[in-house]
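Engineer: Sequence first, then the predicted structure, then my questions.
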Amino acid sequence: VFSRLVYKLWLGPIHMQQKLQSQGLKGPSYKLLHGNTKEIISMRKEAIKAPCDLGQHDMFPRILPHLNTWMKLYGKNFLIWIGNQPQIVVTEPELVREILTDKEGVYRKIKPISHAKKLLGDGLVVAEGEKWSKLRKLANHAFHGESLKDMVSAMVESVDTMLERWRYHEGKEIEVSKEFKLLTSDVISRTAFGSSYVEGKNIFDMMMKLGVLIAKNTFKIRLFGLKKIWRSKDDIESDKIEQSLHDSILSLVKKREDKVKAGESDNFGNDFLGSLLKVHHDIDPKSRISVDDIVDECKVFYIAGHETTSTLLSWTVFLLSIFTEWQEKARDEVVQVFGQEKPTAEGIARLKILTMIVYEALRLYSPVLSITRRVHRNIKLGKYEIPANVQVNVPTLALHRNPEIWGKDAHMFKPERFAEGLANAANRNSMAFLPFAAGPRSCVGNNFAVNEAKMTLSMILQRYRLALSPNYIHAPYQFLTVQPQHGVQIILHLL
Ligand code: HEM
């Protein structure tokens, strides 16, 4: 046991470090047990001590200061250590393409552990192989094409409910990031699960509590096997939350099933939950999914379906409130397309300026910071020979602000970059803009999120002129996604 431990914690990492360094993959040196996590934690603490200047839109040095420092020292691709786990940070677009477009299953998802496992289970975000194909097919159907068009009226209803609350803040300040959390929770509840935010409120509350535990324990190194003999206060709490979360989602599922059993409905419904239940009851056992799969899938869509989009909305409103010329342009376009009528799916697709603004917000304030994979077997990545079980980490923000791709003004808000469409931005480099990743595991909710954001912004712009409150403090920080730490305070001027 002792010699295995010595190998795992010291000789193995040192040997791996030499092997990778000899190929040119340099990086901060491995430290016993912690790897580089202590340095990472202290650099991150230091970087967020003071707020940013309002004109600073390059978040990389603030949110990922360790990568910013090490990129300067070690180049575009380098090696870091998360505990005794080697991780290669990759920012070269050609290598990123090899990783994200892999069809042979070499670059696999990392199975979440501890509190993250309780949040995501084994749903679509982490599933692999046949299970992934089955779940992805269901989600593709539920969140694309015609299904998306059918969701428009539910989205409009949710935005209407939010704007009703905003009436009490006209001419005054409102903190919009909280509002957008409520809104996006309501939208995903209505569109995917046929309920309202109020019904799903305890589910969202529990997920946020798990989110807090994940954030608190990120980079905490636990000795292998220790968990089996000693459980921390956070472990015990997250066990309890996981159980309650499971029970709450199950009761939502049962409610839908009971309606069919009682003859109140002749099918499980056309929304995402309905399609999951249909597959659960499929006559072909090979096609079926279990109840636990349904619960995990609901968890994934509750969390992925609202947290990211609310962050996107907060940053876009922040940007519109300081770049008022773009706010005016976007409003002119919205009024031209919809007048004062409610947005429609066809009209949303015609909003060119608003799309450019949303893309530029996603480039600068990308809600998801990085994409991580585990190398399943020995593989050649560009010129590097990567051994199995090494992780690769693509910090998408590093590509989004790369001046070699985007030009010297990469750190500035310039929606005109996207004037010729997504494919023609960034010198047609398709790996330069990755807010939704790319390849087979790219975001299944991409169109849903962009539609929801454009719909919400259209309805806000039809009614209000947005001005940034002097109380706003510019402090992007990471909590699951990249959030405005102190919210986004906006003054609403009725038009
Ligand atoms: C602005 C909003 C959003 C952003 C920036 C975003 C970003 C991402 C990214 C970067 C990934 C890839 C993660 C990886 O490969 O490690 C991803 C995957 C995923 N996203 Fe999103 N997302 C957004 C909205 C949504 C919404 C609204 C939903 C659900 C309705 C959703 C559901 C998912 C799912 C299920 C996956 C996993 C797909 C798979 O592995 O096959 N996302 N998202």
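Structural biologist: Noted; the coordinates are in hand.

Engineer: C-alpha from now on. contacts and neighbour counts both.
Structural biologist: Fine.

Engineer: residues from the chain in reach of the ligand?
Structural biologist: Applying the criterion CA under 6 Å from any ligand atom, the portion of the chain that neighbours the ligand consists of 124-125, 136, 301, 304-306, 308-309, 312, 367-368, 371-372, 435-437, 441-446, 448-449.

Engineer: Just give me the residue right at the centre of the chain.
Structural biologist: In the chain, the C-alpha closest to the average C-alpha coordinate belongs to Val368, at a distance of 4.1 Å (CA atoms, centre = their mean).

Engineer: in a helix, that's where that residue is, yeah?
Structural biologist: No: assigned with DSSP: H, G, I helix; E, B strand; the rest coil, Val368 falls outside any helix and is coil.

Engineer: Quick check: closest non-adjacent residue to it.
Structural biologist: Nearest-residue entry for Val368: Thr481, 5.5 Å, with adjacent residues in sequence omitted and distances by CA to CA, 6 or more residues apart in numbering.

Engineer: Kindly report the same for Ala437.
Structural biologist: Cys443 (6.5 Å).

Engineer: how close does the residue of the stretch 51-200 of the chain found nearest the ligand get to Gly194?
Structural biologist: Nearest to the ligand, among the residues of the stretch 51-200 of the chain, is Val125, at 3.8 Å (CA to the nearest ligand atom). Applying CA to CA, to the nearest Å, the value for Val125 to Gly194 is 22 Å.

Engineer: Now tell me what touches stretch 147-160 from outside.
Structural biologist: Residues from elsewhere that reach stretch 147-160, judged by CA atoms under 8 Å, 6 or more residues apart in numbering: 141-142, 183, 186-187, 190-191, 342-345, 448, 452, 455-456, 459.

Engineer: Could I get the buried residue list for it?
Structural biologist: The neighbour-count criterion (16 or more other CA atoms under 10 Å) identifies 147-148, 151-152, 154-156, 158-160 as the buried residues of stretch 147-160.

Engineer: same check, this time on stretch 418-436
Structural biologist: Within stretch 418-436, the residues that qualify as buried are 418, 422, 425-426, 430-436, counting by 16+ other CA under 10 Å.

Engineer: now stretch 467-479
Structural biologist: With burial defined by 16+ other CA under 10 Å, the residues of stretch 467-479 counted as buried are 467-469, 472-478.

Engineer: Now do the phi/psi pair for the closest residue to the ligand within the stretch 251-400 of the chain.
Structural biologist: Nearest residue of the stretch 251-400 of the chain to the ligand, counting by CA to the nearest ligand atom: Gly305, 3.7 Å away. Dihedral angles phi and psi of Gly305 (degrees, to the nearest 10) take the values phi -80, psi -10.

Engineer: Pull the contacting residues for it.
Structural biologist: Gly305 makes contacts with 184-185, 188, 445, 449, as judged by CA under 8 Å, 6+ apart.

Engineer: can we see that at 10 Å?
Structural biologist: With contacts defined as CA atoms under 10 Å, 6 or more residues apart in numbering, the neighbours of Gly305 are 184-185, 187-189, 192, 298-299, 444-446, 448-449.

Engineer: And the next helix or strand past the helix or strand containing Ser189?
Structural biologist: Counting by DSSP states H and E, the element that carries Ser189 is helix 176-193. Next helix or strand after helix 176-193 toward the C-terminus (DSSP H and E): helix 197-217.

Engineer: now that following helix and helix 176-193, what's the angle there?
Structural biologist: Relative orientation of helix 197-217 versus helix 176-193 (axes from the mean of the first three to the mean of the last three CA atoms, to 10 degrees): 120 degrees.

Engineer: List the buried residues in helix 197-217.
Structural biologist: Taking 16+ other CA under 10 Å as the neighbour-count basis, helix 197-217 is seen to contain the buried residues 197, 200, 203-204, 206-208, 210-211, 213-214.

Engineer: before we move on, the earlier item: I'd like the contacts of Gly305 written out as JSON lines, with distance to Val334 added.
Structural biologist: Supplementary listing: the contacts of Gly305 in JSON lines, determined by distance: CA to CA, whole Å:
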{"residue": "Thr184", "distance to Val334": "21"}
{"residue": "Ser185", "distance to Val334": "25"}
{"residue": "Val187", "distance to Val334": "21"}
{"residue": "Ile188", "distance to Val334": "24"}
{"residue": "Ser189", "distance to Val334": "27"}
{"residue": "Ala192", "distance to Val334": "27"}
{"residue": "Cys298", "distance to Val334": "34"}
{"residue": "Lys299", "distance to Val334": "34"}
{"residue": "Val444", "distance to Val334": "27"}
{"residue": "Gly445", "distance to Val334": "23"}
{"residue": "Asn446", "distance to Val334": "21"}
{"residue": "Phe448", "distance to Val334": "19"}
{"residue": "Ala449", "distance to Val334": "18"}
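
Engineer: the bottom helix or strand of this protein by mean pLDDT?
Structural biologist: One helix or strand of the chain scores below all others by mean pLDDT, DSSP states H and E: helix 226-229, with a mean of 68.

Engineer: Extract the CA atoms of stretch 76-87 and return them as CSV.
Structural biologist: As requested, the backbone C-alpha atoms of stretch 76-87 are provided in CSV (Å, rounded to 0.1, in the frame of the first residue of the first chain):
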residue,chain,number,x,y,z
LYS,A,76,-0.1,28.2,-25.9
ASN,A,77,-0.2,24.6,-24.6
PHE,A,78,1.2,23.7,-21.2
LEU,A,79,0.9,21.3,-18.2
ILE,A,80,-0.7,22.0,-14.9
TRP,A,81,-1.5,19.7,-11.9
ILE,A,82,-4.9,19.5,-10.1
GLY,A,83,-3.7,17.5,-7.2
ASN,A,84,-1.9,14.5,-8.7
GLN,A,85,-4.0,14.7,-11.9
PRO,A,86,-2.0,16.1,-14.9
GLN,A,87,-4.0,18.5,-17.0
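
Engineer: ok, and for it, which residues are buried?
Structural biologist: Within stretch 76-87, the residues that qualify as buried are 77-87, counting by 16+ other CA under 10 Å.
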